[in-house]
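Q: sharing a sequence plus its predicted fold:
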Protein chains: 2
Amino acid sequence: MEEKGQYGVALVGCGIVGGGTARILTQDKTFLQERTGISLYLKYVTSRNYTNARSIGIPEDLYEQDYDKVLSDPDVFVVVELIGGLTDAKRIIIAALEAGKHVVTANKALMAHYGPELFALARKKNVTIGFEASCGGGIPIVKVITDGLLANKIEAMYGIVNGTCNHILTEMTEKGESYQQALKSAQEAGLAEADPTLDVTGMDSVHKLTILGSLAFGERVDLDSIPVTGIDTLDLYDIESGKELGYIMKLLAIGQKTDKGLALSVAPAFVHTVHPLARISGAFNAVSIYGHAVGHTMYMGRGAGSSPTASAVVSDIIATALGITSKAFETLNLWPDRTQKARQLAPEDLISRYYLRFMVKDRPGTVARISSILSSNGISITSLLQKEEAKDNIPLVMTTHEARAGAVTQALKEIENLEETVSAPIFIRIIEEHPESFL
Amino acid sequence: MEEKGQYGVALVGCGIVGGGTARILTQDKTFLQERTGISLYLKYVTSRNYTNARSIGIPEDLYEQDYDKVLSDPDVFVVVELIGGLTDAKRIIIAALEAGKHVVTANKALMAHYGPELFALARKKNVTIGFEASCGGGIPIVKVITDGLLANKIEAMYGIVNGTCNHILTEMTEKGESYQQALKSAQEAGLAEADPTLDVTGMDSVHKLTILGSLAFGERVDLDSIPVTGIDTLDLYDIESGKELGYIMKLLAIGQKTDKGLALSVAPAFVHTVHPLARISGAFNAVSIYGHAVGHTMYMGRGAGSSPTASAVVSDIIATALGITSKAFETLNLWPDRTQKARQLAPEDLISRYYLRFMVKDRPGTVARISSILSSNGISITSLLQKEEAKDNIPLVMTTHEARAGAVTQALKEIENLEETVSAPIFIRIIEEHPESFL
């Protein structure tokens, strides 16, 4: 298909990540060749228009709008899809696979929605799909799971996998900004999209948990089965109360293996200030993985941005050219076209600690009534925070020992119905350091 | 050589790591087979005696003292060397390679001393050497460098790569223990050897820097060319003074790419309390790697111990069986039998910030004289700490802006010669957050 050691790359999409990828492939061509012993060369850039490609110095003769021509060129060994979104990207990837081309993509939404069918098609066509760049930006987290930690039964995964949310939460925590203020400054700094919905609702994190969870636990995770809470409804008051109690708020993508199935969720959660994930600030991402042999490991890096994501894309292209991707893809039983649908824990059976906040009328006996309801549902309190305030409605903050989610839901419903309760109770998980279990 | 998908493993050494490896291979055989699609089976355990192997339930018929018999068995595809040390381990590995067996090892001393010649022999025999477990215990750091970050020009690496030293420094920092106290409690807790020399002198970290630096920078690092300072001469006073100034002491294995060559060193160094490496406590290891595209990434995990290290060993065995190891080893130009000897920065040309401590007689004008010597050598001071003490000899602590190491050495010599100086000045590097340079 290609001259020995010569690998033609077709790039579809030349925006932020595509541009970074094109720059590495062209500017660092010699360096990459010396380092890897193979020669990658950018053969085509296919994008809506040539503006961005031109602005970063891509020669005009690489620009090709006729995708069929790209696919029929035997020199092209990989199609790199970097346009994002679902419809066009899916069409482009399917056409590439059908044409017998390997694919590399950064498209988490697509891989989360259609991973199994795309992997099955790739397998049929004897090619591979590299998607390292879809999760954790430049952190080689897919490689870690599908290679470096292969000896492990993965017991849990806790990920800060959305840099926009982490930036906003860091600003709220450190500067006391409201959600709206922090979002606005993130947008001004180019760290949040004009329409930030996919990020702040947690859906982007759900995409990544779908992909990483499927690989790590070796069970096919269904996107729609993951309960999700975003950061867009958070109140600064809770971040600050949590901080007073020794906790930092993070949007966590969580997968925990339990006897009754996988517990998967995306939601804001509190971690202790001394937990390694508490220190992951701003636009950085990090994933903590706990294996039955390796114990706790953590992987940190920039989760987005042009060149960090392009780092993952180009490393994936190299691994594809070397045949490393196919060795793993062909043999390992981790990709979700080969694994069983995940057996998931019923949400009400989740065992967790919680931070609770109640807005109540300042009346004698309120704390006693609330405590009594919690207690009768088997929930015991570890701390209570009530400040003297000269207001009619006061916040009452509690943290709990481990409790069943179902019991917490029931108790909160009863408390919400109390005559002195003025608004729906707030509940946020507290994530304890996961126990290391060593073999 | 083996039945399709059947891979016989010969284990040489059945101590701490060997025992962990044997346990994974036997207890988790079915799990590994389901996960990886290949069947690894422990065929031989060769060790000085059968005591430990028996104690962890290894069947007696696997115990084989005749190494020639092991090597002549065509079912054995890999020899796993876990006896450590130089002489016997080298003989065992060479014999395995000569017999056409792949090798997996956790032996950092051996790889640091003889890596290039062993790699060259493996290449000649068309087999591979996996050595993931030699650095960073269970952290898949070799994979990260030789696969996940392949697109990057690595600009710097800062590693906490010795858990014993990190544990001792953490105890000194957090509990105010002296070095001797902390060493003693580490030994009692099984976190330091009875003879801790290799760890506390920094030599173990030098071994790991030799291995990882060679791969990361694509230049062959010579073990003897790395300046090394251990933690065994540290004074608690400096750890506590640094802490007052906002720094945490870590034993760092450092590689920095400069215009004038690689700056490599192992030495205790101060990092800001907010630096991610400052948070790596106890027996944990972590490596920060800065790439020209990916920016800052960090990898954390347990750097030693039976099952974390065995995690790396078994993952390496799997990658070897899958052929992933050979794809990388055959093609990439990173292994030090294929790279040029590193061009290294002359130690006196190193630019760094420093923490300095002088023990001086309490006399008027001393600070002025010391400051003047520093200044005349082009060294400017960023902070000064002198406490009122009712003693004749008082410590004077200073931190500096960036300065040439040669200038600092010269200034310290002049200061040591002052009549009021009572002992050799202490100097410790202060490591600023490495700048991220993105493509």
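A: Thanks, I have it. Keep in mind the model is a prediction, meaning the values are calculated, not measured. Residues are numbered from 1 along each chain as shown, chains lettered A, B, ... in the order given.
Q: and the pLDDT at residue A:424?
A: Note on residue A:424: pLDDT of 97.
Q: that one - how many residues pack around it?
A: By other C-beta atoms under 10 Å in any protein chain shown, the residues close to residue A:424 number 12. Glycine gets a C-beta too; all of them are placed from N, C-alpha and C.
Q: doesn't it belong to a strand?
A: No - under DSSP: H, G, I helix; E, B strand; the rest coil, residue A:424 sits outside any strand and is assigned coil.
Q: right, and it touches residue A:416 too?
A: Yes - counting by C-beta atoms under 8 Å, residue A:424 touches residue A:416, with 5.8 Å between them.
Q: sec struct for residue A:428, please.
A: Applying three-state DSSP: residue A:428 is strand.
Q: surely it touches residue A:270?
A: Yes - using C-beta under 8 Å, residue A:428 is in contact with residue A:270, at 6.0 Å.
Q: tell me, what's touching these two both at once?
A: Both residue A:428 and residue A:270 are in contact with A:242, A:249, A:355, where contact means C-beta atoms under 8 Å, 6 or more residues apart in numbering or on different chains.
Q: now those in TSV, with distance to chain B?
A: As requested, those are exported to TSV (distance: C-beta to the nearest C-beta, whole Å):
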residue	distance to chain B
A:242	19
A:249	18
A:355	23
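Q: just the ones of those in helices?
A: When DSSP state H defines the helices, the subset of these inside them is residue A:242.
Q: of the shared contacts of residue A:428 and residue A:270, select the buried ones using a ChimeraX command.
A: Remark: buried members of the shared contacts of residue A:428 and residue A:270, expressed as a ChimeraX selection using 16 or more other C-beta atoms under 10 Å in any protein chain shown:
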select /A:242,249,355
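Q: returning to that earlier point: more crowded one of residue A:428 and residue A:270?
A: Shown here are residue A:428 and residue A:270; by other C-beta under 10 Å, residue A:270 has more neighbours (28 against 24).
Q: buried residues in stretch A:388-405?
A: A:394, A:395, A:396, A:397, A:398, A:399, A:400, A:403, A:404, A:405.
Q: which of those fall in strands?
A: If you go by DSSP state E, the buried residues of stretch A:388-405 have A:394, A:395, A:396, A:397, A:398, A:399, A:400, A:403, A:404 in strands.
Q: per-residue confidence for the second one?
A: The confidence metric pLDDT takes the value 95 at residue A:395.
Q: any stretches of the stretch 101-250 of chain A with poor pLDDT?
A: Within the stretch 101-250 of chain A, no stretch has pLDDT under 70.
Q: just the strands from it, written as ranges.
A: Per DSSP state E, counting those that start in this stretch, the stretch 101-250 of chain A carries strands over the ranges A:102-105, A:129-130, A:154-160, A:247-258.
Q: out of those, which comes closest to residue A:295?
A: Among the strands of the stretch 101-250 of chain A, strand A:154-160 comes nearest to residue A:295, with 9.6 Å by C-beta to C-beta.
Q: which elements pack onto that closest one?
A: Packed against strand A:154-160, as judged by 3 or more C-beta pairs under 8 Å, 6 or more residues apart in numbering or on different chains; DSSP states H and E, are the following elements: helix A:203-217, strand A:247-258, strand A:284-291.
Q: any chance of those in TSV, with distance to residue B:316 too?
A: Output for the helices and strands packed on strand A:154-160, formatted as TSV (distance: least, C-beta to C-beta, whole Å):
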stretch	distance to residue B:316
helix A:203-217	19
strand A:247-258	24
strand A:284-291	15
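Q: tell me which of these sits nearest to residue A:10.
A: Among the helices and strands packed on strand A:154-160, helix A:203-217 comes nearest to residue A:10, with 23.4 Å by C-beta to C-beta.
Q: what are the structural domain limits within chain A?
A: A:6-134, A:141-303, A:348-431 (automatic domain parsing).
Q: tell me which of the ones you listed is the most buried.
A: domain A:141-303 (a mean of 22; mean count of other C-beta atoms under 10 Å in any protein chain shown).
Q: can you give me the end-to-end span of it?
A: Domain A:141-303 has an end-to-end distance of 11 Å (criterion: C-alpha to C-alpha, to the nearest Å).
Q: residue contacts, residue A:58?
A: Residue A:58 sits in contact with A:14, A:22, A:26, A:42, A:45, where contact means C-beta under 8 Å, 6+ apart.
Q: give me the pLDDT value at it.
A: 91.
Q: enumerate the residues of the stretch 1-150 of chain A near chain B.
A: A:20, A:23-24, A:27-28, A:31-32, A:34-38, A:132, A:138-140, A:143-144, A:147-150 (C-beta under 8 Å from any C-beta of the partner chain).
Q: let's go with 10 Å and repeat that
A: A:5, A:19-21, A:23-25, A:27-28, A:31-38, A:40, A:132, A:136-150 (C-beta under 10 Å from any C-beta of the partner chain).
Q: with the stretch 151-300 of chain A instead?
A: Counting by C-beta under 10 Å from any C-beta, the stretch 151-300 of chain A sits next to chain B at A:151-154, A:218, A:274-276, A:278-281, A:283-286, A:288-289, A:291-300.
Q: I'd like the buried residues of stretch A:388-405 as JSON lines, with distance to residue B:205 appended.
A: What follows is the buried residues of stretch A:388-405, written out as JSON lines (distance: C-beta to C-beta, whole Å):
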{"residue": "A:394", "distance to residue B:205": "55"}
{"residue": "A:395", "distance to residue B:205": "50"}
{"residue": "A:396", "distance to residue B:205": "51"}
{"residue": "A:397", "distance to residue B:205": "46"}
{"residue": "A:398", "distance to residue B:205": "47"}
{"residue": "A:399", "distance to residue B:205": "41"}
{"residue": "A:400", "distance to residue B:205": "44"}
{"residue": "A:403", "distance to residue B:205": "45"}
{"residue": "A:404", "distance to residue B:205": "47"}
{"residue": "A:405", "distance to residue B:205": "45"}
